[in-house]
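A.B. asks: pasted the sequence and its predicted model underneath.
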Amino acid sequence: MVLAVHLYRRIMRRGRVLALLALSSVPALVFWLAGFDADETELPALFTDIVSSVGYTFAIAALILTAATLRDERDSGTLPYIYMRPIVRISMAAQSVAAGAGAALVIGIGGWLAAVVAVLAVGADITMAVPSLAMFAGAAVGYAAIFVPLGYLVPRSLLVGLGYIIVVETILANVVTGLAQISIWRIALSIYAGIEDRFGNVATENLGPVTAGVGGGLVKLAAVVLTGLAVLTWALKRRDAL
């Protein structure tokens with residue numbers, strides 16, 4: 001796991017981490033502002049509505065972070081030196097995705113902790129915030145599995161990734177059932193819904209045609225990870241490191 005540690009440390013620059021922590025904490029800020037005027041009985045549904053909709057800011061943070069996993073090495077000209085090491089390509093792919101997922105998970109946990117603080121600030125029951133950790137964790141792993149290969153394969157990976165998040169996940173997935181089933185955000189949200197049964201109307205609408213459930217969500221997430229690993233392994237074998 002030496003390569004994973006190296007890549008993780010490289011992308012977790014202090015300025016980048018602080019900025020992305022702030023981005024992933026936007027749902028917490030919105031809930032803190034809205035929670036003071038809400039009735040106590042409405043707070044659980046309000047929390048799920050805000051986290052499931054405004055939480056897309058974490059998806060953007062995950063994109064910025066995970067797409068840089070191998071892109072930073074390519075841009076700095078150090079990727080060929082990694083290629084020279086006797087590392088099996090599937091191991092290189094797995095360690096790269098693991099580094100991206102670990103970094104995104106740190107940012108996700110930071111956003112979740114901010115949500116916990118916001119819940120405490122409005123005097124609500126902290127148990128309403130606990131299940132949302134599953135959503136942040138699932139999204140971190142899922143986005144890393146697709147954005148790490150994207151950052152390696154596509155020069156304008158941030159633009160392509162933003163297009164996926166904005167166009168596919170927030171627009172097309174609402175009208176095309178098939179796309180909704182493979183939406184990373186909805187997969188993570190389905191895991192969250194399998195744990196939390198106090199979803200509001202907005203959260204339920206965001207889930208769309210995807211069935212709530214931890215088991216189904218984990219199976220889909222595993223499929224996404226395996227697909228991402230397969231694509232990145234192929235790319236590392238076939239594509240020029242430069």
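C.D. replies: Ah, there it is.

A.B. asks: show me how far the helix ranked longest in the chain is from its chain's centre.
C.D. replies: As assigned by DSSP state H, the longest helix anywhere in the chain is helix 89-121. Helix 89-121 sits 8 Å away from the centroid of its parent chain (CA atoms, centre = their mean, to the nearest Å).

A.B. asks: and it, average pLDDT?
C.D. replies: In this model, helix 89-121 carries a mean pLDDT of 94.

A.B. asks: and the helix or strand following it, how far out from the chain middle?
C.D. replies: Heading C-terminal from helix 89-121, the first helix or strand you meet, by DSSP states H and E, is helix 132-153. Averaging C-alpha positions (CA atoms, centre = their mean) puts helix 132-153 4 Å from its chain's average.

A.B. asks: tilt between helix 132-153 and helix 89-121?
C.D. replies: Calculated by axes from the mean of the first three to the mean of the last three CA atoms, to 10 degrees, helix 132-153 forms an angle of 140 degrees with helix 89-121.

A.B. asks: summarise which helices and strands the very next helix or strand once past helix 132-153 is packed against.
C.D. replies: The helix or strand immediately downstream of helix 132-153 is helix 157-163, counting by DSSP H and E. Counting by 3 or more CB pairs under 8 Å, 6 or more residues apart in numbering; DSSP states H and E, the packing neighbours recorded for helix 157-163 are helix 56-66, helix 132-153. In short, each C-beta sits where N, CA and C put it, glycine included.

A.B. asks: picking that back up, report the buried residues of the longest helix of the chain.
C.D. replies: Using 16 or more other CB atoms under 10 Å as the test for burial, helix 89-121 gives 92-116, 118-119.
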